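**Student:** Just to be clear, the model below is a prediction. Sequence and coordinates:
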Amino acid sequence: MFKILKKETLANGITKMVIDAPLIAKKAQSGQFLVLRTHEKGERFPLTIADFDREAGTVTIIFAQVGKSTQQLGELPEGGNILDVVGPLGVASHFDPSIKKAAVIGGGLGCAIALPQAKHLKQMGVSVDMIAGFKTKDIIILEKEMTEASDNLIITTDDGSFGMHGFVTDALKKQIESGVKYDIVVAIGPIPMMKFVSLLTKEYGIKTIVSMNPVMIDGTGMCGGCRLTVGGKTKFACIDGPDFDGHEVDFDAAMRRLSMYDGMKEREADCRLIQMADNAEDK
C-alpha cells in the first residue's frame with residue numbers, strides 16, 4: 001500500500017497527489033512513469049512522474065479524472081492508500097550536455113510531464129523557454145512551478161482569455177522567427193499538438209523530442225498495447241520510450257490506434273448507469 005501524503009485540486013477535474021514511495025523516489029528520473037492499481041479488481045494504468053523528492057521519499061503524480069480508473073484514484077482521500085504503484089518505468093530522458101538553449105512545450109495536462117523536463121534542463125545549465133498551451137484560462141495549471149523551472153514562460157490560450165491568443169506552435173514560430181536559436185525542442189501533450197510542433201521544427205532543422213503516451217497495460221513490454229511506428233520500425237513506449245525523436249514518429253498511425261478505443265468509456269459509463277438503475281429497482 002502506498003499512502004497519499006497530499007492531495008490537491010489544480011483545476012476542475014485535475015488532481016495532484018504526493019505519494020509515499022521511498023524506493024521509487026530513490027531511482028526516479030525525469031521522463032519515467034508509474035503503473036498504478038487502486039484496488040484488487042482495478043485495472044493497471046500508467047501515469048508519468050511529475051516530480052520526486054529523494055530525501056522525503058515521495059513521488060508526485062498529476063492526472064485528469066477522465067476514465068473509471070482515474071476517477072477511482074481521484075476519489076481516494078488524502079491519507080488514504082493506493083494498492084499498487086510500480087516504477088520507475090521507461091527510459092529516463094537524456095539530453096546532450098552541449099545543449100545551450102531549449103524550448104520545452106506542454107499542451108494542457110502535458111505541462112505536468114513537461115515540467116520535470118524543464119527542471120532537468122535548467123539544472124544542466126541550459127537556458128529554457130517554456131511554452132504552455134491551454135484551451136482557456138480556467139484550466140491553467142502549474143504556472144508558478146513552470147515560471148521557476150524556466151527562464152521565460154509563454155502561456156497561450158486557444159480563446160485568448162490569458163496570455164498569447166493562439167496555439168503553442170504560433171508561440172514557437174514567433175520565437176524562432178524573432179531570432180531565438182534552439183538546440184532542442186521538447187514537446188509533450190496531445191498527439192496532434194506534438195505532430196504539428198514536430199512538423200514546424202523539421203522545417204527549421206531543430207532536434208525535437210516528444211513523449212508518447214499510448215494505451216498501456218503492463219508497462220514492461222509484454223502486452224504490446226503501446227506499440228508505435230518510429231523511423232519505420234515498431235517500438236514500445238513502455239520500454240523504448242516514452243521519449244522519441246519527433247521527426248521519426250508516425251503520429252497518424254498513433255492517432256488511428258487511439259481512435260480504436262473511441263466510445264468505450266461512454267459505453268462503460270452507460271453500463272454503470274444501467275447497473276445502478278437495476279440495483280435501485282432491486283431495493
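**Tutor:** On my side now, so go ahead. Remember, predicted model here, so these are calculated numbers, not experimental data.
**Student:** ranges for the strands of the stretch 151-283 of the chain?
**Tutor:** Remark: strands assigned in the stretch 151-283 of the chain by DSSP state E, counting those that start in this stretch are 152-157, 164-165, 184-188, 207-211, 227-230, 233-236, 243-245.
**Student:** And the fourth one, what does it pack against?
**Tutor:** In this case it means strand 207-211. strand 184-188, helix 191-204, strand 243-245 (3 or more Cβ pairs under 8 Å, 6 or more residues apart in numbering; DSSP states H and E). (C-beta placed from N, C-alpha, C; glycine too.)
**Student:** show me where the chain has helices.
**Tutor:** Applying DSSP state H to the chain gives helices spanning 22-27, 68-75, 111-123, 143-148, 168-177, 191-204, 237-240, 251-259, 264-282.
**Student:** so can I have TSV of those showing mean neighbour count?
**Tutor:** Putting those into TSV (neighbours: other Cβ atoms under 10 Å) gives the following:
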stretch	mean neighbour count
helix 22-27	15
helix 68-75	17
helix 111-123	24
helix 143-148	16
helix 168-177	19
helix 191-204	19
helix 237-240	22
helix 251-259	15
helix 264-282	10
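**Student:** could those be laid out in CSV, adding mean pLDDT and distance to I217?
**Tutor:** Converted to CSV, these look like this (pLDDT from 0 to 100; distance: least, Cβ to Cβ, whole Å):
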stretch, mean pLDDT, distance to I217
helix 22-27, 96, 20
helix 68-75, 92, 12
helix 111-123, 94, 20
helix 143-148, 96, 31
helix 168-177, 97, 30
helix 191-204, 96, 19
helix 237-240, 88, 9
helix 251-259, 85, 14
helix 264-282, 53, 14
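**Student:** Would you mind giving those helices as CSV with distance to E40 added?
**Tutor:** Converted to CSV, the helices of the chain look like this (distance: least, Cβ to Cβ, whole Å):
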stretch, distance to E40
helix 22-27, 21
helix 68-75, 12
helix 111-123, 28
helix 143-148, 35
helix 168-177, 41
helix 191-204, 33
helix 237-240, 23
helix 251-259, 28
helix 264-282, 19
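**Student:** tell me the contacts of H165?
**Tutor:** Residues near H165 by Cβ atoms under 8 Å, 6 or more residues apart in numbering: T156, T157, D159.
**Student:** which residues touch the second one?
**Tutor:** This means T157. G133, F134, K135, T136, K137, I140, G163, M164, H165 are the contacts of T157 under Cβ under 8 Å, 6+ apart.
**Student:** For the longest strand belonging to the chain, which helices and strands make contact with it?
**Tutor:** In the chain, with assignment by DSSP state E, the single longest strand is strand 2-11. Applying 3+ Cβ pairs under 8 Å, 6+ apart, one finds that strand 2-11 makes contact with strand 14-20, strand 81-82.
**Student:** Highest mean neighbour count out of these?
**Tutor:** Highest mean neighbour count of those: strand 14-20, a mean of 21 (counted as mean count of other Cβ atoms under 10 Å).
**Student:** could I have it exported to PDB, CA atoms only?
**Tutor:** Taking Å, rounded to 0.1, in the frame of the first residue of the first chain, the C-alpha atoms of strand 14-20 are listed here in PDB:
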ATOM      1  CA  ILE A  14      -7.200  17.800 -12.500                       C
ATOM      2  CA  THR A  15      -5.700  16.400  -9.300                       C
ATOM      3  CA  LYS A  16      -2.200  16.400  -7.800                       C
ATOM      4  CA  MET A  17      -1.100  13.700  -5.400                       C
ATOM      5  CA  VAL A  18       2.100  13.300  -3.400                       C
ATOM      6  CA  ILE A  19       2.700   9.600  -2.600                       C
ATOM      7  CA  ASP A  20       4.900   8.000  -0.100                       C
END
